[in-house]
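[1] Just the structure for this:
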Amino acid sequence: MAGSRRIRTDLALETTERFAQENTEIRGVEIQEDYDEEKDIRTTVVKIVTENGAKSMGRPQGNYITIEAPDLSNADEDYHREISHEISRHLRELINLEKEKSILVVGLGNAAITADALGPHVIENLHMTRHLIREYGLRGIGQEKIHCVSGIVPGVMAQTGMETAEIVQGVVSETKPDVVVAIDALAARSVRRLNRTIQITDTGIHPGSGVGNHRNGLTEENLQVKVIGIGVPTVVDAATIVHDSMEHLLDALEETEQKEFLEEMIAPNLYSMFVTPKDVDETVKYLSFTISEGLNIAFSEV
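    Reported below is the predicted structural model:
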């Protein structure tokens with residue numbers, strides 16, 4: 001569909017905001033919001049509980065947790081540590097980690113493209129334990145209980161000639177993890193959420209969806225194991241910026257006239273272009289370390 005509805009977002013929260021702007025009720029969707037004023041962290045949980053809700057949202061049924069932290073793109077170690085603990089807490093709620101688990105972490109994306117390198121960077125900072133357990137056993141590494149953590153960076157189809165899902169399916173079949181955690185860069189509808197927002201969901205993830213390059217999903221249905229998706233919006237659709245800039249100039253027009261004008265004025269090729277902040281290289285490194293620390297904290301204790 002043309003106009004504002006064509007503008008892309010991977011964040012469930014932003015989809016609910018669009019319905020709110022249009023004064024449209026979404027049946028089968030529950031929204032809970034919590035704001036920690038001291039830490040300046042806003043957490044919104046969107047639960048899609050019915051098939052009708054899933055159809056309206058254009059997303060699978062499940063939980064979508066959005067952590068919004070305005071200073072997340074800054075190099076503040078204490079602040080990032082708080083976010084890491086938030087990530088850990090939500091992971092422990094979505095995954096039962098009271099018993100030993102085998103966990104495969106998949107770093108999606110292209111390490112050669114900065115805005116798409118979040119997943120590979122997270123894997124670099126992850127504490128892997130599977131090889132140690134297999135080599136020395138739990139007693140050999142001084143632990144009575146420990147989660148078995150392994151990771152992979154499957155690359156992208158242009159590099160491997162294979163679907164990411166094919167590679168991950170092969171690894172899952174061979175290593176038989178209890179849960180897969182997939183990390184990927186996303187696209188946002190709002191510029192203010194770039195590199196400042198983390199979405200955690202128990203519905204899996206679709207590699208390449210952020211830039212409209214839809215590939216087979218890493219989901220429980222496809223992999224036959226529970227899949228947790230963690231993503232950060234690092235890019236925004238170029239059409240979004242044009243749309244928002246022009247919309248401010250058109251406030252005097254009626255809503256219907258605005259939509260018609262914007263649909264005609266935004267060039268189709270803008271929907272295939274994406275914009276990212278100029279300091280994205282440093283920011284992605286901060287974010288990847290924050291997420292990897294969140295995973296390390298979550299998986300460090302049984």
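[2] Now do the strands in the stretch 101-250 of the chain.
    Here the stretch 101-250 of the chain has its strands, by DSSP state E, counting those that start in this stretch, at 102-107, 148-152, 179-188, 197-201, 226-237.
[3] Identify the neighbouring strands of the second one in the sheet and state each direction.
    Read it as strand 148-152. Counting by DSSP bridges, the strands paired with strand 148-152 are strand 102-107 (parallel).
[4] for stretch 290-302, what is the average pLDDT?
    The average pLDDT within stretch 290-302 is 93.
[5] quick revisit: may I see the strands of the stretch 101-250 of the chain organised as a markdown table, with mean pLDDT and distance to D36 added?
    Using the backbone N, CA and C atoms, a C-beta is placed for each residue, glycine as well. What follows is these, written out as a markdown table (pLDDT from 0 to 100; distance: least, CB to CB, whole Å):
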| stretch | mean pLDDT | distance to D36 |
| --- | --- | --- |
| strand 102-107 | 98 | 27 |
| strand 148-152 | 97 | 29 |
| strand 179-188 | 94 | 22 |
| strand 197-201 | 96 | 14 |
| strand 226-237 | 90 | 19 |
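[6] Let's have those strands in CSV, adding distance to T50 and mean neighbour count.
    Shown next, in CSV, are the strands of the stretch 101-250 of the chain (distance: least, CB to CB, whole Å; neighbours: other CB atoms under 10 Å):
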stretch, distance to T50, mean neighbour count
strand 102-107, 29, 24
strand 148-152, 35, 21
strand 179-188, 25, 26
strand 197-201, 17, 25
strand 226-237, 21, 25
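[7] Next, format these as TSV and append distance to L11.
    As requested, the strands of the stretch 101-250 of the chain are exported to TSV (distance: least, CB to CB, whole Å):
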stretch	distance to L11
strand 102-107	20
strand 148-152	25
strand 179-188	6
strand 197-201	6
strand 226-237	7
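[8] I'd like to know how far R59 sits from E14.
    11 Å (CB to CB, to the nearest Å).
[9] Any regions of the protein where pLDDT drops low?
    The model of the chain has pLDDT under 70 over residues 1-7, 207-215, 238-279.
[10] switch to 80 and redo it
    Residue ranges of the chain with pLDDT under 80: 1-8, 21-24, 73, 75, 139-144, 191, 206-216, 236-281, 301-302.
[11] mind listing the helices in the stretch 101-250 of the chain by residue range?
    For the stretch 101-250 of the chain, the helices defined by DSSP state H, counting those that start in this stretch occupy 118-124, 130-140, 157-160, 164-175, 220-223, 238-249.
[12] Can you list the buried residues in the fifth one?
    Pointing back at helix 220-223 there. Neighbour counts over helix 220-223 (16 or more other CB atoms under 10 Å) mark 220, 223 as buried.
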